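*Asks:* sharing a model that was predicted from the sequence below.
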Amino acid sequence: AALTVRFLTRRFIGEYGHMEFIYSHTLTVDGREVLFHIWDVPSSQADDGSSEEKRIQWADSFVLVYSICDRASFNMLPLKIQFIKAAKEGQSQEKVPIVIVGNKRDLHHQREVSSEEGRLLALSLDCGFYEVSAAE
């Protein structure tokens with residue numbers, strides 16, 4: 001997941017509006033080539049229930065990114081994660097891989113969400129957790 005997170009966040013230096021994209025990227029992991037298809041959806045477009053359900057069924061794993069400088073983006077995570085788990089794990093007993101990523105770590109002077117809060121949320125929801133800076 002850390003490799004995926006680095007790839008996902010490498011291009012997010014600024015805000016990119018309300019567009020969604022699908023990226024494909026091949027990495028070698030443990031000697032095997034792995035093809036990633038990444039459906040990048042800004043939260044402003046993720047609110048339509050049927051579209052969101054389609055994206056969730058399409059994906060095998062999820063990386064939810066919030067800004068450490070924007071408490072509202074952090075506060076949306078629990079509901080999003082519960083929605084994902086209900087949609088994916090309701091069909092099978094298999095745990096869905098979810099990683100929470102706090103972005104903009106370089107803007108610590110504007111921080112509204114502590115690292116500890118991010119870690120505790122991830123722990124309580126059984127998710128991975130990272131803090132990154134796309135600008136770095």
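*Replies:* All right, it came through fine. Residues are numbered from 1 along each chain as shown.
*Asks:* would you map the strands across this protein?
*Replies:* Per DSSP state E, the chain carries strands over the ranges 21-29, 32-40, 62-67, 98-103, 128-131.
*Asks:* who's in contact with the shortest one?
*Replies:* Just to be clear, that refers to strand 128-131. When contacts are defined by CB atoms under 8 Å, 6 or more residues apart in numbering, strand 128-131 is touched by residues 1-2, 5, 68, 97-103, 105, 115, 118-119, 121-123. Yep, even glycine has a C-beta here, placed from its N, CA and C like the rest.
*Asks:* one more time with 6 Å, if that's ok
*Replies:* Under the contact criterion CB atoms under 6 Å, 6 or more residues apart in numbering, strand 128-131 has outside partners 1, 5, 99, 100, 101, 102, 105, 115, 118, 119, 122.
*Asks:* now do the fourth one
*Replies:* Where contact means CB under 6 Å, 6+ apart, the residues beyond strand 98-103 that reach it are 1, 5, 62-65, 67-68, 81, 118, 122, 127-132, 134.
*Asks:* on that earlier part again, just curious, which of the contacts of strand 128-131 is nearest to residue 34?
*Replies:* Distance ranking of the contacts of strand 128-131 against residue 34, using CB to CB, places residue 1 first at 12.0 Å.
*Asks:* what pLDDT does that closest one get?
*Replies:* Residue 1 is assigned a predicted lDDT (pLDDT) of 44.
*Asks:* same question for the one 10 residues further on.
*Replies:* In the predicted model, residue 11 carries a pLDDT score of 44.
*Asks:* ok so, going back, for the contacts of strand 128-131, pick the one with the most neighbours.
*Replies:* Within the contacts of strand 128-131, most neighbours by other CB atoms under 10 Å means residue 102, with 26 neighbours.
*Asks:* what distance do you get for the closest residue to it other than its chain neighbours to residue 121?
*Replies:* Counting by CB to CB, 6 or more residues apart in numbering, residue 131 is the residue found nearest to residue 102 once chain neighbours are left out, at 4.2 Å. Using CB to CB, to the nearest Å, we find residue 131 at a distance of 12 Å from residue 121.
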